[in-house]
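Asker: could you work out the structure for the sequence below:
(chains A, B and C)
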Amino acid sequence: MTAADTTTAAGTGGGTGPAVTVEQMDVTYKVRGQDRLALRDISFQIGRNESYGLVGESGSGKSTVALALTRYLPRNGRVSAGSIRINGIDPLALGNTSLRELRARTVSMVYQEPGRALNPSIKVGRQIAEVYEIAGLDRKSALERSEAMLRKVQISDPGRVMERYPHQLSGGMAQRAVIAMALAAEPSLLILDEPTTALDVTVEAEVLDLVAALRDEFDTSVLFISHNLAVIAKMCDRVGVLYAGELIEEGVAREVFDQPRHPYTVGLLRCIPRRGQRKDNGRLDTIPGFLPPPGHSLTGCIFAARCPIAEERCRTAAPPAFAISPTRSSRCYLHEQTPDLPRNTPVNVELVSHRDAATAIVRVQGLSKTFDSRGEAVKALVGVDLSIERGETLGLVGESGSGKTTLARALLGLIAPDEGSIVELDSRPLEADARRRPREQLKALQIVFQNPDSALNRRHTVRRLISRPIARLAGLSGARLRERLADLVTSVRLEERHLALRPSQLSGGLKQRVAIARAFAGGPRIVVCDEPTSALDVSVQAAILNLLVDLQAKEQVTYLFISHDLGLVRYLSDRIAVLYLGRVMELGPAETVFAGPHHPYTEALLSAVPSLDGLHTERIRLSGEIPSAADPPSGCVFHTRCPRRLPTGICESTEPPLLEVAPGHLMSCHIPLDELRTLQDTGQAP
Amino acid sequence: MATYLLRRLGLAVITLWLLSMIVFFAGQVLPGDPGRAILGPLAAQSSVRVLDQQLGVDRPLVTQYWSWVSGLVHGNMGQSYEFRSPVEPFIHAALLNSVKLAALAFIVVVPLGILGGVIAALNVGRPIDRVISITGLSATTVSEVVSGVIIIVIFGVELKWFPVSASAGTGASDLSQLDHLILPAIPLVLVLFGYIARMARAGTIEALESDYARTATLKGLKRSVVIRRHILRNSLLPTITVIATQTGYLFGGLVIVETLFNYQGIGKLIYTAASGKDFPMLEAGVLTIGIVYMVATLIADVLYTLLNPRLRLGSTG
Amino acid sequence: MIGTPGAPVEAPREVTVAHAPRRAGSTPWRLLLRRPTFIAGAVILLFWITCALFGTAIAPHSPFAQQLLATNMRPSAAHWFGTDQLGRDVFSRVLVGSRSILEIAALATVLGTVLGTALGLVMGYLGGVVDLLVSRIVEAVLAVPLIILALLFVTALGSSVLVITLVVGFIFTPLIARTVRSAVLVESQLDYLSSARLLGENSARVMFVEILPNVMPAILVEFTVRLGYAIFTVVALSFLGLGIQPPTPDWGADITANYGVLPAGYWWETIFPALAIMSLIIGVNLVTDSIEQVLAS
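Answerer: The predicted model follows:
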């Protein structure tokens, strides 16, 4: 007995046709009196119980598709051509009552920020119960059903969660509650719009598993929207690739990702570092140029301007969707040539490494940082020991709250570490506060921040932004300053004309180049890269990563590269440090750390990341939330979530020291290395 | 939450203390010699000195401030220069009158402002929204001097619907008193309407554009339910604070309105005290308004905290 | 977890649109000129500024010339706005009366804005004792309406143009400082200030070269809002007899002077100065509103 069949539903009638049919749909936004086409000629179908993915970069219009399907376009938007059918019903033709019925019974939606999707002033239980009340249940049974539903989304203590307000839930928990609410009506179509983008990898993995399981249980068709190709590859049967408002390629997910048949898809896939690919053996490819501006009126193929094989006809007439096979289509005249698409950047590069493993340029010992948060002591870093070797790239990975950014800021002198922390440059102590550092120390350590919009003063021109650090740190002026400026601009591949512009007039990628130029202006020895590409689209990210690799060779700098993206860290780093709750869990050469045996937390991180290659390495899952740094667990701080926790009780009582388990490979775990190797090699799930 | 309220109360006391310093400085340090000010430039120096001594203003400033503040704490707000008697009875009577006028204005304007703001927000961009927003803005920005004069001309002089003077005279019935208060309340209503409507509109628009409003709509709830249950609950919360803050502006407007309509309220009292350079009365009046304002904001903060789960419960795991 | 300032989000929360570089040219100024509300407000303001500067030359009569045989005359072709109790031309007095109010209000607002901006930058960027103390003073000043506080000080100091200007300017200072402070606090969360620290820039340079240009929009809005309040206050003070003293033409003072004969039906003597005040305040508000809209978009 389900909520949906307690009443006879007019619109939910099972039927055998597809769950969703979109035909030649255009969506138009009216901006300042002018019509702008946001989606053009979109056609796709989602079969019963099928999971369909829509993938695209920002500006591709993927969220607009979801809004159109639920008829929730903003007031200035409308479906200006084509048709939509959900279970055979056209939502655009419905009156208010029938539209409400459709929303109540047939379509549900989950989106990016779970915290915002819930009403902040109503208890979670009440919000879910509303769905059942719409279906006609009385309040008491609605609440009972809600509690049962929360149990289905694997919330361990549903009774308590029911009584909570949204701000009292963590991100992962809130997203489960939202999913519970979405599935409560047992919809025939569930739309997920970037449902895990705001979550950490281990939490993301759990939520994705949950969605996959519930989809089977509830017999629901899924429209999964994401910018993350690997997530789509993992979750979807079929996929459509959106570019600038057009569906340029479609097909079975595995096929599209293995043998893309549109130059854009090919380019996009080549921008992502694959397993085994490293900075010194396989350069990332890039997609030159920019997305056409919104509301463009291009005559030919929308991708022609950025396409390496575009011909005359591509620029004069828009290509139709070519059926490549019964399950595949591509909007490219030259779809047969895509396997041999020429690269925009050569794959092989001669990289001169200036790595000198014998010399520690920076040494950190017993570094702790305690923040005071409303009277609570929050330990962001606890006794971190590590050194950075000359010329290397040290990758720093960890989830939110692991303390990686705090570590970087402490090195730079932007926050003062606790008493007794030692931070040395060339074996000489560094001033704790950047304001008191002499020029030599300031010059030595610089940073590329995550978000260039925040890192660049928006009122200054690019010329001023780059000149100032040259003057301050390199002490140059006049003709020599201009010379260095020109040199830097060329190095980061900006153009002379950009100098007169302000940040708001630049794209995200260009802004990040300006930020990189600033970091390199004074001739630094160590550059901290704090998630330098996480605010950028994949195609822009590749170019920035290539640039960072080139600059390291050219300027002989050392990198501390911080990222939550293990793929990137693996591609770039020589050594890797894994942080959890402000402590180093594992530290060692990149290949050793990735090859294993790993620390159970590293293992969990690796298992959690979906892979584009279709190799499923999902051996272990972490359950539960990341504990609060204000109240860290006893013993090994990871024991509350560790799937390989020892039965002896030592993990709960004693914090394991960070020991060298193999040359250059340090780990903080009570389980001996050999035992870990046995457990992990056999792929034995705990 | 208890600690929050205690903290909030402590801050209010500090603010009040600072205000007393400002008022003392303005009323008893800046004017120079009060005796001379009262007796005029022609009086003999000796009589000025005698008066100064009687008033206690020949003592050191710290002593004067101390005796003034300790008097305040004990409910003794000082001696009027003009009436040579304690100021409290005057303040008390005037405040009571002002509260009547202010209450009338509030009873009218709060529902009106909220309704106007919500209606405008629900029709954002449409003509009705433009009308409400622009009316609100204009009403808010036009000084009580202007609106008061215009109202008197139209309703009092030309149409003769309402009495021009606010005081019904002693012994008048409550109903007739109300009749006299209607005209003076209008300028106050006009000024407050814009603020409250603006805030209610902004809050409602924000809530309408929120993700949780989308969640509620996509659940299939009726629009009226979405608005009542999901929107208003969140959107009207900030309005509470605005209403409290507006009591301050309201009392500012009272000085003009009460003078204009010749009503014996705290505003008129302050005005008369200022004209007669009766500084103890003036100081007591200003301080009273400060206290009223602070009590109002304190109540608003408590209400806000009680109604907002985020503040009431804090965040846990 | 970390609820501390300066601990940034570590997961990607936003994705920048990789659009082609935006064309230069759609400057805020041009956007302003495209708004009819701004044009209307600016025209009203310019009209009154012209009157303030050249009022005596434009006015058809002398604002002081009394015609004791033609007192309380209804509006006519000769006297568009009629004459007052002393037979002076109301129209001329309204035109010339713009001077005092604009002078005092503008000067007081400039004074408050300059001092408030400096104070706000120090409070927001350096924090510390100054911030704590001034924040409390702001609270205290806010507890009493502007008009009443001004009334208290002007009574204490004796009324003159200079006193009113200084009193209003000084009362504005902590209020404007508070606005600037909160704008600075928003900026303090941004990484470009960390960047400046990593270049070893001193505090003065960070405040005035790095932060100030970014908080200018907020200051501009605050300036226009305060200008409206200043006009409000000056009018109220003159109305209460604490502003410009007769016979100098002044809107507030003229309302007070002729308010007594209102019940006799001589409405034009008060209503025209009142409408002049209204138009000026509406002009300022239209400009404020357009600036806010443009900056928000």
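
Asker: what about the closest residue to chain B within the stretch 151-300 of chain A, how many neighbours?
Answerer: Closest residue of the stretch 151-300 of chain A to chain B, C-beta to the nearest C-beta: residue A:165 (4.2 Å). For glycine as for every other residue, the C-beta is placed from the backbone atoms N, C-alpha and C. Other residues near residue A:165 come to 20 when the count uses other C-beta atoms under 10 Å in any protein chain shown.

Asker: need the contact list for it.
Answerer: Residues in contact with residue A:165 (C-beta atoms under 8 Å, 6 or more residues apart in numbering or on different chains) are A:120, A:121, A:122, A:123, A:124, B:309, B:310, B:313.

Asker: now residue A:57. Its backbone dihedrals?
Answerer: As for residue A:57, its main-chain torsions (degrees, to the nearest 10) stand at phi -80, psi 180.

Asker: my guess is it contacts residue A:539, does it?
Answerer: Yes - checked against C-beta atoms under 8 Å, the pair residue A:57 and residue A:539 is within contact range at 6.5 Å.

Asker: got phi/psi on the residue nearest to residue A:477 when sequence neighbours are not counted?
Answerer: If the residues on either side of it in the chain are set aside, residue A:477 comes closest to residue A:471, at 6.0 Å by C-beta to C-beta, 6 or more residues apart in numbering or on different chains. Main-chain torsions, residue A:471, degrees, to the nearest 10: phi -70, psi -50.

Asker: and the helix or strand of chain C with the lowest mean pLDDT, does that touch chain A?
Answerer: Ranking every helix and strand in chain C by mean pLDDT, DSSP states H and E puts helix C:28-33 at the bottom, with a mean of 80. No - Helix C:28-33 lies apart from chain A when judged by C-beta under 8 Å from any C-beta of the partner chain; the minimum separation is 10.9 Å.

Asker: just checking, what packs against the helix or strand that that helix is followed by?
Answerer: The helix or strand immediately downstream of helix C:28-33 is helix C:36-58, counting by DSSP states H and E. Here helix C:36-58 touches helix C:90-121, helix C:268-296, going by 3 or more C-beta pairs under 8 Å, 6 or more residues apart in numbering or on different chains; DSSP states H and E.

Asker: closest one to chain B among these?
Answerer: Across the helices and strands packed on helix C:36-58, closest to chain B is helix C:268-296 (C-beta to the nearest C-beta), at 4.3 Å.

Asker: before we move on, the earlier item: report pLDDT for the residue nearest to residue A:477.
Answerer: You'll see residue A:471 listed with a pLDDT of 95.

Asker: before we move on, back to that, turn the helices and strands packed on helix C:36-58 into a markdown table, including mean pLDDT and mean neighbour count.
Answerer: Supplementary listing: the helices and strands packed on helix C:36-58 in a markdown table, determined by pLDDT from 0 to 100; neighbours: other C-beta atoms under 10 Å in any protein chain shown:
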| stretch | mean pLDDT | mean neighbour count |
| --- | --- | --- |
| helix C:90-121 | 92 | 23 |
| helix C:268-296 | 85 | 22 |
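
Asker: nearest to chain A, out of these?
Answerer: Within the helices and strands packed on helix C:36-58, the stretch nearest chain A is helix C:268-296; the backing value is 13.1 Å (C-beta to the nearest C-beta).

Asker: so which elements touch that closest one?
Answerer: helix B:127-141, helix B:144-151, helix C:28-33, helix C:36-58, helix C:90-121, helix C:212-239, helix C:251-259.

Asker: report the buried residues of the third one.
Answerer: By that I understand helix C:28-33. For helix C:28-33, the neighbour count (16 or more other C-beta atoms under 10 Å in any protein chain shown) marks C:31, C:32 as buried.

Asker: can you list contacts of it?
Answerer: C:38, C:39, C:290, C:291, C:294, C:295, C:297.

Asker: with stretch C:101-114 instead?
Answerer: C:48-49, C:52, C:161, C:164-173, C:175-176, C:219, C:222-223, C:226-227, C:230-231, C:233-235, C:238, C:243, C:250-252, C:277, C:280.

Asker: check contacts around the closest residue in space to residue C:80 that isn't next to it in sequence.
Answerer: Among residues not flanking residue C:80 along the chain, residue C:91 sits closest, at 4.5 Å (C-beta to C-beta, 6+ apart). Residues near residue C:91 by C-beta under 8 Å, 6+ apart: C:59, C:60, C:61, C:79, C:80, C:81, C:272.

Asker: next one, pLDDT for residue 258 please.
Answerer: Reading this off chain A. In this model, residue A:258 carries a pLDDT of 91.

Asker: not quite, go with chain C.
Answerer: Among the per-residue scores, residue C:258 shows a pLDDT of 83.

Asker: over to residue A:154?
Answerer: pLDDT, read off for residue A:154, is 87.

Asker: give me the neighbour count for whatever residue of the stretch 51-200 of chain A ends up closest to chain B.
Answerer: Closest to chain B within the stretch 51-200 of chain A is residue A:104: 2.6 Å, counting by C-beta to the nearest C-beta. Using other C-beta under 10 Å, residue A:104 has 23 neighbouring residues.

Asker: doesn't it fall inside a helix?
Answerer: Yes - assessed by DSSP: H, G, I helix; E, B strand; the rest coil, residue A:104 belongs to a helix.

Asker: grab the nearest non-local neighbour of it.
Answerer: Nearest residue to residue A:104 in three dimensions, chain neighbours excluded: residue B:220, at 2.6 Å (C-beta to C-beta, 6+ apart).

Asker: so that neighbour makes contact with residue A:101?
Answerer: Yes - when contacts are counted by C-beta under 8 Å, residue B:220 is listed as touching residue A:101 (6.7 Å).

Asker: coming back round to it: can you tell which of the helices and strands packed on helix C:268-296 is closest to residue A:548?
Answerer: Distance to residue A:548, taken as C-beta to C-beta, is lowest for helix C:212-239 among the helices and strands packed on helix C:268-296, at 28.3 Å.

Asker: do that closest one and chain B meet?
Answerer: Yes - for helix C:212-239 and chain B, the contact criterion (C-beta under 8 Å from any C-beta) is met by C:228, C:231, C:232, C:235, C:236, C:239.

Asker: now the residues you listed in JSON lines, with distance to residue C:213, pLDDT and neighbour count?
Answerer: Below are the residues of helix C:212-239 next to chain B laid out as JSON lines (distance: C-beta to C-beta, whole Å; pLDDT from 0 to 100; neighbours: other C-beta atoms under 10 Å in any protein chain shown):
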{"residue": "C:228", "distance to residue C:213": "25", "pLDDT": "87", "neighbour count": "22"}
{"residue": "C:231", "distance to residue C:213": "28", "pLDDT": "89", "neighbour count": "26"}
{"residue": "C:232", "distance to residue C:213": "30", "pLDDT": "85", "neighbour count": "26"}
{"residue": "C:235", "distance to residue C:213": "34", "pLDDT": "87", "neighbour count": "30"}
{"residue": "C:236", "distance to residue C:213": "35", "pLDDT": "87", "neighbour count": "26"}
{"residue": "C:239", "distance to residue C:213": "40", "pLDDT": "86", "neighbour count": "31"}
